[in-house]
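Visitor: dropping a prediction and its sequence here:
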Amino acid sequence: MKKLPDIKSSFSQLIATPSISALEAELDTSNLAVIELLHNWFADLGMQCQSVPVANTRNKHNLVASFGQGQGGLLLAGHTDTVPFDEGRWSQDPFSLVEKNNRWYGLGCCDMKGFFALTLEALKELPMEKFRRPLHILASADEETTMNGAKAFAAAKSIAPDYAIIGEPTSLKPVYMHKGHFTQGIRVTGRSGHSSDPAKGLNAIEVMHLVTGQLLKLKQHLAENYREDAFSVPYPTMNFGHIHGGDAANRICGCCDLHIDLRPIPGLALDDLELMVANYLEPICSQYPGCIQVAPLYPGSEPFADKKEGSWTQLVAKLSDSQPEVVNYATEAPYISQLGCQTLVLGPGSIEQAHQPDEFLDISYINQTKDLLKKLIYHACIK
Ligand SMILES: [Zn+2]
């Protein structure tokens, strides 16, 4: 076996290799250099590594590394990309690992390139020749924007693990459920004209008034008919976040835009939600043909739920000495679980540090995570 980097070196190399995802082309960076680092390390451990281009991305790849034959086993999944960083709000270079106050600082330390370095550490200390079931590692692309990496991996169904762990920062607590996220932009196009004669135009703000009325009915329907008590806000929410229309008091408003955000609970798929919005707006669309356009503002993400009482949830809760939890951010879990595996989100660091200037990982997580990963891999692949 070739000499693998020590933990600080692998961490540093991952942090020093930019892999920013952004919907804006000028900020978006290919993740290929990170994929190459991981490919080399996991191949040096004797794993079969495959780098797969992901459609509908700007030159991004998924890496799948596998060890052992047959069905079942464990998938450890994470994303290779980071969010962009706020120029001027970091007190150090985001691309160099800095140790300070018992913390490692750098973009991606916590969310979540560090997870791969820790997986590597765990594997160095495990007797891989004793694996009876396979271990797979997925390093995905574009989690922070479209989740196209995880979606493509799930659709390909190239592996069928029994269990999956997604190493997002959960303070090493097992997360078995989260809401989804969905946005809609609604544009009413009317006809502008002089305000002195309302009949000369079609006032988009007045039509938007009808739209918001229908949406409030849908909001109430969602709150009254869907419930998951595990969440602190136990129903699907709808938020009116932005509205703009018209230009002057003496002109009939010709165009009005509304942006809303919806957070479905598990059991309410994004397609269903999109259809509900369309159904509630249908009477207004019929009354004003061609005037109302509805489209997502950003790619949505599905809600996710595994079983709190499931064998994997209970085992991981026991090994991590934590109760299973629910969270209010979205992950790749709903896509990974499409492989048919019992799926949990669990990783080092706190979500509080994710997407923040001076992102860090507390050093106390290094050994804790390595030890927990060793136990998880042992139970899934060796025992
Ligand atoms: Zn993340």
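Guide: Thanks, I have it.

Visitor: could you find the closest non-adjacent residue to residue 186?
Guide: Spatially, and ignoring its direct neighbours in sequence, residue 186 is nearest to residue 258 (4.6 Å; CB to CB, 6 or more residues apart in numbering). For glycine as for every other residue, the C-beta is placed from the backbone atoms N, C-alpha and C.

Visitor: for that neighbour, grab the count of nearby residues.
Guide: For residue 258, the neighbour count with other CB atoms under 10 Å is 20.

Visitor: show me what contacts it?
Guide: Contacts for residue 258 (CB atoms under 8 Å, 6 or more residues apart in numbering) come out as 185, 186, 187, 208, 211, 212, 240, 242, 243.

Visitor: C-terminal to the helix or strand containing the second one, what's the next element?
Guide: Under DSSP states H and E, the secondary-structure element containing residue 186 is strand 182-189. Of the helices and strands lying after strand 182-189 in sequence (DSSP H and E), the nearest is helix 204-225.

Visitor: residue 246 against residue 254, yeah?
Guide: Yes. Look at residue 246 against residue 254 with CB atoms under 8 Å: they come within range, at 7.3 Å.

Visitor: who's more crowded, these two?
Guide: For residue 246 versus residue 254, neighbours defined as other CB under 10 Å are more numerous around residue 254 (19 against 16).

Visitor: coming back round to it: can I get the contacts of residue 258 in a markdown table with neighbour count and pLDDT?
Guide: Converted to a markdown table, those look like this (neighbours: other CB atoms under 10 Å; pLDDT from 0 to 100):
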| residue | neighbour count | pLDDT |
| --- | --- | --- |
| 185 | 15 | 98 |
| 186 | 21 | 98 |
| 187 | 18 | 98 |
| 208 | 23 | 98 |
| 211 | 23 | 98 |
| 212 | 15 | 98 |
| 240 | 13 | 97 |
| 242 | 12 | 96 |
| 243 | 14 | 97 |
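
Visitor: in stretch 187-205, which residues are buried?
Guide: 187, 188, 189, 190, 192, 193, 201, 202, 203, 204, 205 (16 or more other CB atoms under 10 Å).

Visitor: for the ion, what is the nearest residue in the stretch 1-150 of the chain?
Guide: In the stretch 1-150 of the chain, the residue that lies nearest the ion is residue 111 (4.1 Å; CB to the ion).

Visitor: skipping adjacent residues, who's closest to that residue in space?
Guide: Leaving aside its sequence neighbours, residue 111 sits nearest to residue 354 (CB to CB, 6+ apart; 3.6 Å).

Visitor: which residues touch the most centrally placed residue in the chain?
Guide: Centroid-nearest residue in the chain: residue 331, 3.2 Å away (criterion: CA atoms, centre = their mean). When contacts are counted by CB under 8 Å, 6+ apart, residue 331 touches 143, 166, 168, 175, 178, 301, 304, 345.

Visitor: show me which of those neighbour the ion.
Guide: Among the contacts of residue 331, proximity to the ion is found for residue 168 (CB under 5 Å from the ion).

Visitor: drop anything exposed from the contacts of residue 331.
Guide: Listed as buried from the contacts of residue 331 are 143, 166, 168, 175, 178, 301, 304, 345; burial here means 16+ other CB under 10 Å.

Visitor: the second one pairs with what?
Guide: When bridges are called by DSSP bridges, residue 166 pairs up with residue 77, residue 345.

Visitor: that one contacts residue 336, correct?
Guide: Yes. Applying CB under 8 Å, one finds residue 166 in contact with residue 336, separated by 6.1 Å.

Visitor: can you list residues touching both of those two?
Guide: With CB under 8 Å, 6+ apart, residue 166 and residue 336 have common neighbours 77, 343.

Visitor: circling back to that earlier point, most widely separated two among the buried residues of stretch 187-205?
Guide: 187 and 193 (18.8 Å; CB to CB).
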